[in-house]
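**Q** Build me a structure from this.
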Amino acid sequence: MRIFLTGITLFILIVSICSAEEVTERPDWKHFFDEVNVTGTIVISDERQNARKIWTLDGERSGRRFIPASTFKIPHALMALETGVVRDEFQVFKWDKTRRMFEAWNQDQNLRSSMRHSAVWVYQNFAKEIPEGKAAEYLRNIHYGNADASGGNDGYWLDGNLKISAREQISFLRKLYRNELPFQQAHQRLVKDIIILEAGRDWILRGKTGSNGSLGWWVGWVERPDGAVFAALNIDTPHGMDDLPKREAIARSILKSIEALP
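**A** Sure thing, here's the model as predicted:
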């Protein structure tokens, strides 16, 4: 009975915390998706000027969990660094001479290039060296989706049982931005550095895409002098590769519409 009551108390606490954050629906953002003929959701957490405004398109979908695909390379890199599977950003991972679908994958990689090119085989090798139980422990500690590091022929984050929602992606990114994850601060800083996409005089854009064939992700944030703006988007990709450029394009358009990007 004590365990049951504790569970009920925890559930009420979680609901209370979530309810404290007011989320505003933005149906006007639908046109960004309609213009490129895709269906999806986005969550924006604007934390500029010491305030937090949370907006979403399709609140129901934003709370639904999907396979994280290559957005998982962000926590996966942290896990690899923390376990010593990866020493630093300069360690070379030798290509096994197997020809893969993207030419950029068919070469030696390091941590930075494997993130930039989203080289799946590098992270599949990480998974071989980080036992499933250890990976699940890390996932539970960082509250990453359902924290299920099991299943899948290509990887538990690609076609296995790991699932995460757009809202949970935002929560994870916030902690990484503030170096609040249970990893060494140096490792968090390194991973943040290797996901930089673009920078201007007073802003930095960091992010990562992901796709499993039927779903596409873009997650990241913009850093500005007055605070950060976080974004997590997922879309259905019925047209496969043709739909993939739309992920970042939609995210950038919405970030520009709220003046987070120039």
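**Q** quick one, strands of the stretch 151-262 of the chain?
**A** 196-199, 204-211, 215-224, 227-236 (DSSP state E, counting those that start in this stretch).
**Q** Now distance to residue 95, mean neighbour count and mean pLDDT too, for those, in JSON lines please.
**A** Every C-beta, even on glycine, is put in place using the N, C-alpha and C of the backbone. Converted to JSON lines, those look like this (distance: least, Cβ to Cβ, whole Å; neighbours: other Cβ atoms under 10 Å; pLDDT from 0 to 100):
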{"stretch": "strand 196-199", "distance to residue 95": "24", "mean neighbour count": "13", "mean pLDDT": "98"}
{"stretch": "strand 204-211", "distance to residue 95": "22", "mean neighbour count": "23", "mean pLDDT": "98"}
{"stretch": "strand 215-224", "distance to residue 95": "26", "mean neighbour count": "24", "mean pLDDT": "98"}
{"stretch": "strand 227-236", "distance to residue 95": "30", "mean neighbour count": "24", "mean pLDDT": "98"}
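**Q** Out of those strands, which gets nearest to residue 242?
**A** Of all the strands of the stretch 151-262 of the chain, the one in closest proximity to residue 242, counting by Cβ to Cβ, is strand 215-224 (10.9 Å).
**Q** Return the distance of the closest one from the chain's centre.
**A** 7 Å (Cα atoms, centre = their mean, to the nearest Å).
**Q** what kind of secondary structure is residue 135 in?
**A** helix (DSSP: H, G, I helix; E, B strand; the rest coil).
**Q** nearest residue to it other than its sequence neighbours?
**A** Of all residues not flanking residue 135 in the chain, residue 149 sits nearest, at 3.9 Å (Cβ to Cβ, 6 or more residues apart in numbering).
**Q** which phi and psi does the one you found have?
**A** Dihedral angles of residue 149 (phi, psi; degrees, to the nearest 10) stand at phi -90, psi 50.
**Q** For the residue most central in space within the chain, list the residues it contacts.
**A** For the chain, residue 71 is the residue whose C-alpha lies nearest the centre (Cα atoms, centre = their mean; 4.1 Å). Residues near residue 71 by Cβ atoms under 8 Å, 6 or more residues apart in numbering: 169, 208, 209, 210, 217, 219.
**Q** In CSV: the residues you listed, plus distance to residue 110.
**A** Supplementary listing: those in CSV, determined by distance: Cβ to Cβ, whole Å:
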residue, distance to residue 110
169, 25
208, 17
209, 19
210, 20
217, 23
219, 22
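**Q** What is the nearest of these to residue 155?
**A** residue 210 (11.6 Å).
**Q** residue contacts, the nearest residue to the closest one once chain neighbours are set aside?
**A** Among residues not flanking residue 210 along the chain, residue 69 sits closest, at 3.3 Å (Cβ to Cβ, 6+ apart). Residue 69 is in contact with 157, 158, 210, 211, 212, 215, 216, 217, counting by Cβ under 8 Å, 6+ apart.
**Q** so where do the helices sit in the protein?
**A** For the chain, applying DSSP state H gives helices covering 2-20, 30-34, 59-62, 73-83, 111-116, 120-129, 132-141, 166-177, 185-194, 245-257.
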